[in-house]
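Participant: Pasting a predicted model and its sequence here:
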Amino acid sequence: MPFSLGFWAAAGAGGAVSDFELIETVNLTGSAASVTFSNVPSNYRHLQIRVTARTDNTTSRAFWLRFNADSGTNYAYHSLVGTGSTVTADTGSSTNRMFFSEIQNSSVSSAYSALILDVLDYANTSKNKTVRKLWGLPGSLNRIALTGGLWTSTSAITSITLLTNADNFATGSRFSLYGIKG
Amino acid sequence: MPAGVPAMVALANLTLGSAQSIVTFSSISGSYRDLVLVINGKITTGTDSAFFITLNSDFGNNYNDVLMTADSTGFGSTSVANAGASTVGRFDTNDGVYVLNFLDYSATDKHKTFLTRSNISTTVRAYAHRWANTSAVTSIRVAAASSTFATGSTFALYGVSSV
């Protein structure tokens, strides 16, 4: 028997959860090879990045990130990817950027990848930085993935750069950075 | 970079007082950027069942899913194209946790991609779904594929702002 809530939904009908805060959103109005969140404040415990993105290329591309503009070989990553028929695993170490995800190409109109990245203890100066990611591209290039990564640095993260491999994030791609208190 | 502003709002929180086969969140405001639906519950009978997600009462063949799963028997990945609803599982008589993230749900120039993580007893799954429609999502229908959602099952919907 259907049970319809059907009651609400005015903005602000519920209470704001103040421990999850928006820091910045970038909405691309033109294509861009990279997106950088700079001057990331240090007053949160964790960060979360939420993305809908696609490339302006018909070839699917990888999507990477760097912290604090560090292009040294200080990154490692691992991935578990479902393709719709198989599950594959991959790792990388001593890389100069961290694999983030594959990204939706422009072959399907209006289709975007969805990605959620958590950066744990990003401001802690006694820990290397660990991230975890959930991302997917359903329907065309079928992908669903759980991935993670390591930045072998104890520096507090003050900037995050998301970059494509060889082409651009397309107009309409969106990148939002949130802080989580703890 | 500006100071942070509260970004997550609890929109609705439902605890079933009796078994129900369908839960619908309707008249969803377009004021947020993303939605997060957290389900913690079980069905009254059966094993390895599923539930269906339908957006805006669209029962057309506009849903695409890709799944990755692992359980005590192994792991695998499957996909479904042009289905009449998105499917999420596994659902059985043990309580499970299902977290669905609908990104850019109110955009009118994007297909709606949503990501699901589910954990129940010995099974972990992750899904990516795409509703091939650029309409803003104004309703989410969660329907048990068989059986009914058990009393005590909870359905919580949150809005996530980006401005």
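Facilitator: Noted; the coordinates are in hand.

Participant: Strands of chain B, residue ranges please.
Facilitator: For chain B, the strands defined by DSSP state E cover B:5-15, B:22-25, B:34-41, B:49-55, B:63-71, B:74-83, B:86-91, B:96-103, B:112-120, B:123-131, B:140-144, B:154-160.

Participant: Tabulate the ones you listed (a markdown table), appending distance to chain A and mean neighbour count.
Facilitator: To be clear about C-beta, it is placed using only N, CA and C from the backbone, and glycine gets the same treatment. Shown next, in a markdown table, are the strands of chain B (distance: least, Cβ to the nearest Cβ, whole Å; neighbours: other Cβ atoms under 10 Å in any protein chain shown):
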| stretch | distance to chain A | mean neighbour count |
| --- | --- | --- |
| strand B:5-15 | 4 | 18 |
| strand B:22-25 | 4 | 21 |
| strand B:34-41 | 6 | 21 |
| strand B:49-55 | 12 | 21 |
| strand B:63-71 | 3 | 23 |
| strand B:74-83 | 3 | 15 |
| strand B:86-91 | 9 | 24 |
| strand B:96-103 | 5 | 22 |
| strand B:112-120 | 4 | 23 |
| strand B:123-131 | 2 | 25 |
| strand B:140-144 | 8 | 21 |
| strand B:154-160 | 7 | 22 |
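
Participant: Would you mind confirming that residue B:42 is in contact with residue B:92?
Facilitator: Yes - if you go by Cβ atoms under 8 Å, residue B:42 and residue B:92 touch, sitting 6.6 Å apart.

Participant: What is the neighbour count of residue A:95?
Facilitator: 15 (other Cβ atoms under 10 Å in any protein chain shown).

Participant: Specify the beta-bridge partners of it.
Facilitator: Beta bridges link residue A:95 to residue A:75, judged by DSSP bridges.

Participant: OK, contacts around the residue in chain A positioned nearest to chain B?
Facilitator: Here chain A gets closest to chain B at one residue, residue A:136, 2.3 Å apart by Cβ to the nearest Cβ. The contact partners of residue A:136, taken as Cβ atoms under 8 Å, 6 or more residues apart in numbering or on different chains, are A:113-115, A:143-145, B:66, B:113, B:115, B:126-129.

Participant: Beta-bridge partners for it, please?
Facilitator: Here residue A:136, judged by DSSP bridges, has bridge partners residue A:114, residue A:144.

Participant: how far away is it from residue A:182?
Facilitator: Using Cβ to Cβ, to the nearest Å, residue A:136 is found at 27 Å from residue A:182.

Participant: ok, now residue A:168?
Facilitator: Counting by Cβ to Cβ - residue A:168 and residue A:182 are separated by 35 Å.

Participant: ok, the two, which is more surrounded?
Facilitator: Neighbours per residue, other Cβ under 10 Å: of residue A:168 and residue A:182, the larger number sits with residue A:168, 19 against 9.

Participant: Go ahead and confirm that one touches residue A:31.
Facilitator: Yes - if you go by Cβ under 8 Å, residue A:168 and residue A:31 touch, sitting 3.8 Å apart.

Participant: burial measure for residue B:42, as a count.
Facilitator: If we define neighbours as other Cβ under 10 Å, then residue B:42 has 20 of them.

Participant: Please tabulate the strands of chain B in JSON lines and include mean pLDDT as additional columns.
Facilitator: Below are the strands of chain B laid out as JSON lines (pLDDT from 0 to 100):
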{"stretch": "strand B:5-15", "mean pLDDT": "92"}
{"stretch": "strand B:22-25", "mean pLDDT": "97"}
{"stretch": "strand B:34-41", "mean pLDDT": "97"}
{"stretch": "strand B:49-55", "mean pLDDT": "94"}
{"stretch": "strand B:63-71", "mean pLDDT": "96"}
{"stretch": "strand B:74-83", "mean pLDDT": "96"}
{"stretch": "strand B:86-91", "mean pLDDT": "90"}
{"stretch": "strand B:96-103", "mean pLDDT": "97"}
{"stretch": "strand B:112-120", "mean pLDDT": "96"}
{"stretch": "strand B:123-131", "mean pLDDT": "96"}
{"stretch": "strand B:140-144", "mean pLDDT": "97"}
{"stretch": "strand B:154-160", "mean pLDDT": "97"}
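
Participant: what sits against residue A:52?
Facilitator: Counted by Cβ under 8 Å, 6+ apart, residue A:52 has contacts A:112, A:113, A:114, A:115, A:173, A:174, B:103, B:104, B:107, B:110, B:113.

Participant: what do you get for residue B:106?
Facilitator: B:30, B:31, B:32, B:33, B:136, B:137.
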